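> give me a 3D structure for the following:
(one chain, ligands or ions: 5)
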Amino acid sequence: MNSIKWILVALVLAASAFGLKAGVDARQASERDRIADLGGKHLRASYSPLHFKPAIDTATDAQCLACHKEVLEDKPRVASPAGVRAADSIAWYQLTSTYSGEQDGFHRRHLVTPMATKLMKLSCTTCHQGHDPREEAQGGAADTTPQADSGFTLRKQVNPETTCLKCHGQFPAKEIMGLPAPWKEARDMFQNDCLGCHTAIRSNRHQVSYLNAEAIEAAAREGAAKKQGGDVCYGCHGGRAWYRIAYPYARNPWPSMPEVTPEWARLRPKHSELRFLTTAASKTPGAH
Ligand code: HEC
Ligand code: HEC
Ligand code: HEC
Ligand code: HEC
Ligand code: HEC
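Ligands and ions are numbered 1, 2, ... in the order given. Below you'll find the predicted structure:
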């Protein structure tokens, strides 16, 4: 009796192992097909018209996210494979008074974190202006992206000079603002508040579609009571500088703008980039 029971058990095990193996084989086969892209679906999607001009100019975030929702879903690892915990390796910018939450991904920090949604209104196409899946460079062949297209730069999918640098450049304290020292050293002199000067100077600012101009001013005024107003502004104007240069901002005319243009500003544009500008470019006729 006992031996028959064991033979039955062995048969059941063998049958299910066979079933499991068949399942694994089928799954591996479909994975192979997917990777080989036999249906050409992946290749077709890589060349989606939404990646290129002119369609990218009118693409909505929802259209991009239909294929790329991972950019907002992926989260950094809790610990690296070598065991270093994210919570224990904090970068300097994560110690500022304006930083909140756990370590998070690049796309999430610009699109969904509390600060991103309060002060900014970035969309995919603020940064992404097209890329070239084949050459990753302009002008590689007659039928690829033309040389004149500056929507991205070599082997990058965005143009950092016209995007990142706007909020991650240096603070030109001495060169342009005439401050006695870099902001970190000079800020106590000004109660860590930029508005002392900037209520009157360059006051027609942030009139662009990807920023919440009013929320930025309100946050800085609110912070001023705790001597943290400057942190709000400095966060985008030197506090998170990934570059050694400053962005050459447009000088949108402001009410008490001096008649004479300083030497350093001679070649500066007189209004923000047209694709972002939200108000009439200039109040003074003939200014641009
Ligand atoms: C129909 C689906 C689809 C849509 C819609 C789509 N993409 Fe893509 N995208 C892809 C595929 C597939 C790739 C190629 C990915 C790969 O080969 O790793 C790709 C590649 C990219 C890349 C380059 C990735 C790399 O590593 O080279 C970027 C950046 C990108 N898409 C951004 C966007 C943006 C921004 C939008 C909206 C304007 C958008 N995509 C719309 C499917 C899509
Ligand atoms: C603040 C600017 C910025 C915004 C806003 C932005 N991206 Fe990106 N994105 C980048 C940069 C920079 C890279 C890396 C480019 C590179 O490697 O050359 C990137 C990479 C990507 C990639 C390649 C895969 C990856 O994760 O590296 C995809 C896909 C992508 N972005 C889609 C999107 C979509 C969809 C949106 C809108 C929901 C979006 N991006 C918004 C700057 C931005
Ligand atoms: C409109 C302003 C703006 C632009 C444009 C911008 N950033 Fe940022 N960036 C911010 C702000 C604000 C934060 C802080 C967000 C927070 O603390 O939640 C930030 C945070 C970051 C971080 C830290 C992310 C983290 O995990 O804490 C990196 C890295 C970064 N930006 C890189 C870039 C790059 C690269 C580009 C260009 C593709 C870019 N940024 C464009 C404003 C900007
Ligand atoms: C002592 C007065 C003073 C203080 C304090 C001050 N600024 Fe300025 N800032 C100026 C002057 C003056 C200019 C140049 C005005 C012009 O365009 O003629 C300027 C210009 C700028 C510009 C434009 C730079 C360019 O290249 O076009 C930015 C951005 C700026 N300030 C941000 C800030 C931020 C952020 C703070 C606080 C962290 C701050 N400023 C504190 C006086 C000041
Ligand atoms: C979320 C990021 C962010 C914050 C916070 C921020 N700025 Fe800006 N600032 C920008 C960007 C981006 C531009 C360029 C906009 C454009 O293209 O005209 C800019 C432009 C400026 C200019 C040049 C304006 C012109 O048109 O002449 C000044 C001055 C300035 N900011 C001062 C400040 C001050 C003062 C604060 C705090 C009250 C502040 N910024 C906070 C991102 C920011």
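> which residues does stretch 113-131 contact?
Here stretch 113-131 makes contact (CB atoms under 8 Å, 6 or more residues apart in numbering) with 51-53, 56-57, 59-61, 64-65, 98-101, 104, 108-111, 145, 149, 151-152, 156-159, 163-164, 209-212, 215-216, 219, 232, 276. (C-beta placed from N, C-alpha, C; glycine too.)
> CA atoms of it as PDB?
The C-alpha trace of stretch 113-131 is given here as PDB (Å, rounded to 0.1, in the frame of the first residue of the first chain):
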ATOM      1  CA  THR A 113       7.100  66.600  -5.600                       C
ATOM      2  CA  PRO A 114       5.400  69.400  -3.400                       C
ATOM      3  CA  MET A 115       8.000  72.000  -4.400                       C
ATOM      4  CA  ALA A 116       7.800  71.100  -8.100                       C
ATOM      5  CA  THR A 117       4.000  71.500  -8.200                       C
ATOM      6  CA  LYS A 118       3.900  74.600  -6.000                       C
ATOM      7  CA  LEU A 119       6.600  76.700  -7.700                       C
ATOM      8  CA  MET A 120       6.800  75.200 -11.200                       C
ATOM      9  CA  LYS A 121       4.600  74.000 -14.000                       C
ATOM     10  CA  LEU A 122       7.100  72.000 -16.000                       C
ATOM     11  CA  SER A 123       5.800  69.600 -18.700                       C
ATOM     12  CA  CYS A 124       7.600  67.000 -20.700                       C
ATOM     13  CA  THR A 125       8.100  69.300 -23.600                       C
ATOM     14  CA  THR A 126       9.500  72.100 -21.500                       C
ATOM     15  CA  CYS A 127      12.700  70.100 -21.500                       C
ATOM     16  CA  HIS A 128      12.100  67.500 -24.300                       C
ATOM     17  CA  GLN A 129      12.200  69.100 -27.700                       C
ATOM     18  CA  GLY A 130      12.900  66.000 -29.700                       C
ATOM     19  CA  HIS A 131      15.800  63.600 -30.000                       C
END
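> show the average pLDDT along that stretch.
The pLDDT scores in stretch 113-131 average 96.
> that one and ligand 4 in contact?
No: counting by CB under 6 Å from any ligand atom, no contacts exist between stretch 113-131 and ligand 4, the nearest distance being 12.9 Å.
> circling back: buried subset of the contacts of stretch 113-131 as a ChimeraX selection?
Filtering those down to the buried ones (16 or more other CB atoms under 10 Å) takes a single ChimeraX command:
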select :51,52,56,59,64,98,99,104,108,110,111,145,149,151,152,157,158,159,163,164,210,211,215,216,219,232
